[in-house]
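A.B. asks: Got a predicted structure plus its sequence, pasted below:
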Amino acid sequence: MIKVGNVIEHHYTKEYCIPLIDRTGHIWEVNAIGIEEISATLKKFDVSVVKEFFVGISNHDIDRPCGEIDMLVGADYSELLPRVVQTNEGLQLLENPFGFSIRGRHSRIAALGNMTNHVIVRTHKVSSSMNLNEIKVEPVDKLKSQLDKFFALEESGVQCDPRCIKCLCNGCPVSDCVNINEERELKLIEEGLVYDEEGKYWTASYPWIRYPRHLKNNIKVAIARLKTTENRLRKLDIQYAQRYHNEIKDMVKRGVARQLSEEEMQSYNGPIHYISHHEVLKADSASTPLRIVFNSSSSYMGQKLNEFWAKGPVVFNNMLGVLLRFRQERVAITGDISKMYHSVKINTLDQHTHRFLWRDLTSNRPPDHYVLTSVTFGDRPSGTIAVLALRQTVEKGDPEVYDMIVNNTYVDSLFH
């Protein structure tokens with residue numbers, strides 16, 4: 001979407017076919033793109049004075065609706081655009097199959113608009129000759145309410161609601177504030193989290209801010225990178241190569257990855273993207289001397305998978321605050337959430353944009369195709385998704401447990 005000032009925004013949305021019924025009962029089918037918000041809400045406007053400028057027009061004909069705008073019809077449907085039927089000085093009356101509309105400017109209407117929109121006084125009737133007897137001064141509490149709304153409108157685009165992730169108090173320190181873009185990204189991530197009551201697990205839809213069908217199929221590069229990984233593993237100790245293979249098998253066993261069948265690969269017609277993987281060695285670790293890392297930031301023809309997703313605001317607690325609270329009591333408890341990111345499943349679209357290749361270090365055969373089925377460490381929104389799923393899991397439980405999880409955890413570590 002290209003906005004005013006040549007500002008480009010990417011939206012992950014759908015196209016809808018909307019039936020519109022005109023004044024004669026004829027149905028027009030309009031293809032529309034869904035968007036969260038089109039414009040600011042329309043205020044109520046008294047049109048009684050406007051009808052005097054045109055012949056044969058009643059208040060009902062030109063009554064202006066108020067509230068949220070449901071749809072904008074553009075030049076793609078030029079037959080629905082209104083056409084001028086009457087003109088009076090700076091005003092024009094327009095008509096289309098759905099009714100009348102008015103555009104333009106007139107000195108009498110402009111003056112009335114300035115008076116009726118004043119913050120402190122309110123008129124009981126619309127008149128071109130205003131006098132003091134027609135002005136009612138509002139009580140102080142009503143004036144304060146009006147002023148609050150006025151300044152809230154003036155601050156539009158500067159502040160957002162909520163100002164922090166945890167509450168609506170509007171009194172949080174600046175470091176906890178989120179800007180409007182982060183608030184929208186947070187909402188996108190929250191809306192993508194769905195809890196399965198029967199299976200007792202979360203499923204996440206990744207927050208796409210660029211259309212996933214723009215992703216290019218990078219299978220050839222994935223094969224080349226697999227060969228590089230295989231060659232590197234062979235040069236390492238044979239134990240590391242075996243551990244790598246065992247890690248892949250463990251992922252499949254735990255259900256965080258699965259192998260694709262030929263039938264599924266042939267039938268799936270959605271976006272496809274392969275992510276490379278490599279080893280991270282930790283020789284001093286007795287439990288995990290080798291870990292597999294998936295790289296969603298690798299570039300292919302100028303595209304990076306991580307750049308297709310929103311990140312959201314920082315939802316991790318401040319480490320210093322967590323440690324200070326940890327030292328407040330005489331008895332302390334620590335804990336760790338095992339495989340926290342892998343506890344959240346992902347949908348079919350996100351699985352096929354998380355494909356990867358493996359062939360058990362046997363280079364004389366074509367590789368097998370796998371998909372990741374859960375949130376992966378290294379993805380741009382993965383931290384926010386995992387933390388929000390954790391907090392929403394405990395929000396309906398014991399308040400003390402909720403407070404402990406929300407305030408005294410850092411990623412997957414608990415300090416209490």
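C.D. replies: It's in. Residues are numbered from 1 along each chain as shown.
A.B. asks: What sits closest to residue 14 if chain neighbours are left out?
C.D. replies: In space, and not counting its chain neighbours, residue 14 is closest to residue 34: 5.4 Å by Cβ to Cβ, 6 or more residues apart in numbering. C-beta: built from backbone N, CA, C; applies to glycine.
A.B. asks: show me the contacts for the one you found.
C.D. replies: Contact criterion Cβ atoms under 8 Å, 6 or more residues apart in numbering gives 13, 14, 15, 16 as the residues in contact with residue 34.
A.B. asks: Could you do residue 336 as well?
C.D. replies: Going by Cβ under 8 Å, 6+ apart, residue 336 touches 412, 413, 414.
A.B. asks: And these, which of them are buried?
C.D. replies: Under a neighbour-count criterion of 16 or more other Cβ atoms under 10 Å, the subset of those counted as buried comprises 412, 414.
A.B. asks: What about the contacts of residue 336, which are in strands?
C.D. replies: With strands defined by DSSP state E, the entries of the contacts of residue 336 inside them are 413, 414.
A.B. asks: just curious, which of the contacts of residue 336 is nearest to residue 2?
C.D. replies: Proximity of these to residue 2 was ranked by Cβ to Cβ; the top entry is residue 412 with 41.1 Å.
A.B. asks: How about the contacts made by that closest one?
C.D. replies: Taking Cβ under 8 Å, 6+ apart as the definition of contact, the neighbours of residue 412 are 336, 337, 338, 340, 386.
A.B. asks: If we use 10 Å, what do you get?
C.D. replies: By Cβ atoms under 10 Å, 6 or more residues apart in numbering, the contact set of residue 412 is 335, 336, 337, 338, 339, 340, 341, 343, 386, 387, 390.
A.B. asks: Please name the nearest non-neighbouring residue to the last one.
C.D. replies: The shortest distance from residue 390 to any residue other than its chain neighbours is 6.4 Å, reached at residue 405 (Cβ to Cβ, 6+ apart).
A.B. asks: Which SSE is immediately downstream of the helix or strand hosting the one you found?
C.D. replies: Under the criterion of DSSP states H and E, residue 405 resides in helix 399-407. The first helix or strand that comes after helix 399-407 along the chain, using DSSP H and E, is strand 409-410.
A.B. asks: All the helices of the chain, in order from the start?
C.D. replies: Counting by DSSP state H, residue ranges of the helices within the chain are 59-62, 107-116, 140-154, 180-191, 219-235, 238-254, 262-267, 319-326, 348-352, 382-394, 399-407.
A.B. asks: and the ones you listed as CSV, adding mean neighbour count and mean pLDDT?
C.D. replies: Listed next are those as CSV, based on neighbours: other Cβ atoms under 10 Å; pLDDT from 0 to 100:
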stretch, mean neighbour count, mean pLDDT
helix 59-62, 14, 77
helix 107-116, 14, 49
helix 140-154, 11, 56
helix 180-191, 17, 88
helix 219-235, 15, 92
helix 238-254, 15, 90
helix 262-267, 10, 94
helix 319-326, 13, 87
helix 348-352, 19, 95
helix 382-394, 21, 92
helix 399-407, 14, 84
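A.B. asks: From the chain's centroid, how far away is stretch 279-298?
C.D. replies: In terms of Cα atoms, centre = their mean, to the nearest Å, the centre of stretch 279-298 is set 31 Å apart from its chain centre.
A.B. asks: Endpoint to endpoint, it covers what distance?
C.D. replies: Start to finish, the residues bounding stretch 279-298 are 15 Å apart (Cα to Cα, to the nearest Å).
A.B. asks: cool, stretch 38-53 as well?
C.D. replies: Calculated as Cα to Cα, the first-to-last residue distance of stretch 38-53 is 31 Å.
A.B. asks: list the buried ones in it?
C.D. replies: 47, 50, 51, 53.
A.B. asks: Setting the sequence-adjacent residues aside, check what's closest to the last one.
C.D. replies: Translated: residue 53. Nearest residue to residue 53 in three dimensions, chain neighbours excluded: residue 88, at 4.3 Å (Cβ to Cβ, 6+ apart).
A.B. asks: Could you measure from the one you found over to residue 46?
C.D. replies: To residue 46, residue 88 is 18 Å away according to Cβ to Cβ, to the nearest Å.
A.B. asks: Then residue 208?
C.D. replies: Taken as Cβ to Cβ, the spacing of residue 208 relative to residue 46 amounts to 44 Å.
A.B. asks: contacting residues for residue 416?
C.D. replies: Taking Cβ under 10 Å, 6+ apart as the criterion, residue 416 is in contact with 322, 325-326, 328-329, 331-335, 400-401, 403-405, 407-409.
A.B. asks: how much space between it and residue 408?
C.D. replies: The span separating residue 416 from residue 408 equals 5 Å under the rule Cβ to Cβ.
A.B. asks: Need the residues touching each of these two.
C.D. replies: Between them, residue 416 and residue 408 share these contacting residues under Cβ under 10 Å, 6+ apart: 322, 325, 326, 333, 334, 335.
A.B. asks: Between which two of those is the distance greatest?
C.D. replies: Distance extremes for the shared contacts of residue 416 and residue 408: the farthest pair is 325 and 335 at 14.5 Å, using Cβ to Cβ.
A.B. asks: any chance you could map the strands in the stretch 251-400 of the chain?
C.D. replies: Chain-ordered strands for the stretch 251-400 of the chain, with DSSP state E, counting those that start in this stretch as the definition, fall at 257-259, 276-281, 290-295, 299-300, 303-304, 334-336, 344-346, 355-358, 368-372.
A.B. asks: gap between the fifth one and the chain center?
C.D. replies: Relative to the centre of its chain, strand 303-304 is centred 20 Å away, using Cα atoms, centre = their mean.
A.B. asks: That one pairs with which strands?
C.D. replies: According to DSSP bridges, strand 303-304 forms sheet pairs with strand 299-300 (antiparallel).
A.B. asks: And the contacts of the strand it pairs with?
C.D. replies: Around strand 299-300, the neighbours that count as contacts under Cβ under 10 Å, 6+ apart are 215, 216, 217, 218, 220, 221, 222, 273, 274, 276, 305, 307.
A.B. asks: I'd like the distance between the residue nearest to residue 14 and residue 302.
C.D. replies: Using Cβ to Cβ, one obtains 28 Å as the distance from residue 34 to residue 302.
A.B. asks: just residue 332 next, same as before
C.D. replies: Between residue 332 and residue 302 the distance is 49 Å, computed by Cβ to Cβ.
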